[in-house]
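Participant: sequence? don't have it. structure:
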């Protein structure tokens, strides 16, 4: 676990100066002048569950073990940390192998699927939806004062995003305190890394809030619900299916958080409006996402 | 092919008022006031190549045939339009089946792969990289005056993005004229829909420019190169691998296009700086991407 200097509150904070996460690339600007900018890395990581190849994710490459664990957990392929006997990362061949004590149901499903239609791609999403059946999220309250405080802290935390852009962040929070801030080229990876950390550390999800820079799509909502977190907030917007699923599972969904403004489209009953809105500073231009609109 | 009224230049323009692309969703704002916002739709679409299920994409749902054709083309699974005997979209079960006269090499590969490791997910990316081998893009020039004119026109075109946000756009352009503007919840889908349109219409790629709102990741660069388009420009930033691949295949890669500014990290030799930068208006706040940072 990395504890960054000077960021007292975080258990895991971004470490933008860490070697291998960005690269200086030389090009030209609009005037033709030579310019050097920091660009985030992006590498393939192939995740295995026992002897089964599951997916190849494109990632910046930090926390490969958390990414693999969290991905498998959020797909409903791992029930708990006890199932896991080892997590083995091989830097050279860019793979992570997660081993479990007993064969998982996923491997059986996959075998069946590949026998019938020849490919498992389509099952991944179906499996996620299946995992939501009967899920109810705890009725934990969330205060608007926390949400404003979180956005303020997170936007000012030194990060790859502030240094290089073109990256997404997801932050696990407790009340007004950001705990674990993961970044990745894909917003789903950032969420999966948080999930992997939670699984490894045995962290309770019921009193947590998840903050993301990415859009609130069906996949983001499903992952958050699979993690058991009752609140998902974002600077970005919604998709209709994301809202629908959030309402079905009772997740509080807050989007378009910019300065004083936000919109809540699901789980309104959990929200306590205790903040003095007039005291919240408007969105600082300097902290708007630059070049990460993807 | 849709030709939108009042947008003279486009062959295909966004049609934000089209039924089924957005939904009005009611929620509350920061003050607790009830608010209704337009939210983009997101639905699964499963793509088949002959009897082979290939992928399930999450899409807004317009142009499913172009999406399927373009996806298969950009994966290197379809060589040309002549191979295709039919493209059949079934709205009810949300599938598109693309049929070819002869069995494709992909089906053989998939069969082999599923026999060995049980799943084809990992091959998709490998196949794309394979398709790039020996590819050389034409040395078409690109004028900075065109790039500025394109950004200006595209940012002012009525779109789902301007109406609802949380969506990405990709625009096929010729010189300073935007021709085909596709939008989707996934930036890759928007590119694939452009590719599908090009394949269907038999459009030459050598003199085209592709403009995207998304980040310039390896996958975006590979898709553009697979389409044979020599220039890719974006408001967003880069990843290191995206830059690397662009340099290998000789693609001109321009990012962080905001107002007067941009950075060119590959294919500089194709760029002609003819624009009077001082006359280019600075980035209009009203046209900054809202809520699409994903």
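Facilitator: In hand now; what should we look at? Predicted model only: the values in this text are computed from it and were never measured.

Participant: can you tell me if stretch A:55-64 touches chain B.
Facilitator: Yes: on the criterion C-beta under 8 Å from any C-beta of the partner chain, stretch A:55-64 is in touch with chain B at A:55, A:56, A:58. Quick note: C-beta positions are derived from backbone N, CA and C, even for glycine.

Participant: my guess is the second one meets residue A:44, correct?
Facilitator: Yes: in this structure, residue A:56 is within contact of residue A:44 by C-beta atoms under 8 Å, at 5.1 Å.

Participant: so how far is the strand or helix carrying residue A:48 off the chain centroid?
Facilitator: Secondary structure assignment for residue A:48, by DSSP states H and E: strand A:43-49. Averaging C-alpha positions (C-alpha atoms, centre = their mean, to the nearest Å) puts strand A:43-49 17 Å from its chain's average.

Participant: within the sheet, what are the partner strands of that strand, with directions?
Facilitator: Partner strands for strand A:43-49, per DSSP bridges, with pairing direction: strand A:52-59 (antiparallel), strand A:95-100 (parallel).

Participant: closest to residue B:147 out of the ones you listed?
Facilitator: Among these, the nearest to residue B:147 by C-beta to C-beta is strand A:52-59 (27.1 Å).

Participant: who are the packing partners of the helix or strand following the closest one?
Facilitator: Per DSSP H and E, strand A:52-59 leads on to helix A:64-74 as the next helix or strand towards the C-terminus. Packing partners of helix A:64-74 (3 or more C-beta pairs under 8 Å, 6 or more residues apart in numbering or on different chains; DSSP states H and E): strand A:43-49, strand A:52-59, strand A:84-90, strand A:95-100, helix A:187-201, helix A:218-226.

Participant: which of the residues in helix A:64-74 are buried?
Facilitator: The neighbour-count check on helix A:64-74 (16 or more other C-beta atoms under 10 Å in any protein chain shown) flags A:64, A:65, A:66, A:67, A:68, A:69, A:70, A:71, A:72, A:73, A:74 as buried.

Participant: TSV please, covering those residues and showing pLDDT and distance to residue B:243.
Facilitator: Shown next, in TSV, are the buried residues of helix A:64-74 (pLDDT from 0 to 100; distance: C-beta to C-beta, whole Å):
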residue	pLDDT	distance to residue B:243
A:64	97	23
A:65	98	28
A:66	97	27
A:67	97	23
A:68	97	27
A:69	96	30
A:70	95	28
A:71	93	26
A:72	92	31
A:73	91	33
A:74	90	30
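
Participant: the strands in the stretch 151-294 of chain A, which residues?
Facilitator: Ranges of strands within the stretch 151-294 of chain A are A:168-174, A:177-184, A:208-212, A:231-234, A:252-258, A:261-266, A:271-272, based on DSSP state E, counting those that start in this stretch.

Participant: circling back to that earlier point, can you flag the weakest of the helices and strands packed on helix A:64-74 by average pLDDT?
Facilitator: Mean pLDDT is lowest for strand A:52-59 among the helices and strands packed on helix A:64-74, at a mean of 88.

Participant: quick one, it and helix B:218-226 angle?
Facilitator: Angle of strand A:52-59 versus helix B:218-226, following axes from the mean of the first three to the mean of the last three C-alpha atoms, to 10 degrees, is 90 degrees.

Participant: now the angle between helix A:64-74 and strand A:52-59, please.
Facilitator: Using the same axes, to 10 degrees: strand A:52-59 against helix A:64-74 is 120 degrees.

Participant: now strand A:52-59: how far from the chain's centre is it?
Facilitator: With C-alpha atoms, centre = their mean, you get 16 Å for strand A:52-59.

Participant: which residues touch residue A:272?
Facilitator: The contact partners of residue A:272, by C-beta atoms under 8 Å, 6 or more residues apart in numbering or on different chains, come to A:141, A:142, A:143, A:144.

Participant: got the domain boundaries for chain A?
Facilitator: A:43-132, A:142-287 (automatic domain parsing).

Participant: now the ones you listed in JSON lines, with distance to residue B:102?
Facilitator: Shown next, in JSON lines, are the domains of chain A (distance: least, C-beta to C-beta, whole Å):
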{"stretch": "domain A:43-132", "distance to residue B:102": "18"}
{"stretch": "domain A:142-287", "distance to residue B:102": "36"}
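
Participant: ranking these by burial, who's on top?
Facilitator: Of all the domains of chain A, domain A:142-287 has the most neighbours on average by mean count of other C-beta atoms under 10 Å in any protein chain shown, namely a mean of 21.

Participant: how far does that domain sit from its chain's centre?
Facilitator: The answer for domain A:142-287 is 9 Å, by C-alpha atoms, centre = their mean.

Participant: rewinding a little: which outside residues touch the strand holding residue A:48?
Facilitator: Under C-beta under 8 Å, 6+ apart, the answer for strand A:43-49 is A:53-61, A:64, A:67-68, A:71-72, A:77-78, A:94-98, A:100, A:104, A:106-107, B:122, B:125, B:241.

Participant: with stretch A:148-156 instead?
Facilitator: Residues outside stretch A:148-156 that contact it (C-beta under 8 Å, 6+ apart) are A:9, A:169, A:171, A:173, A:176-178, A:181, A:209, A:211, A:233, A:235, A:257, A:260, A:275, A:280-281, A:284, A:287.
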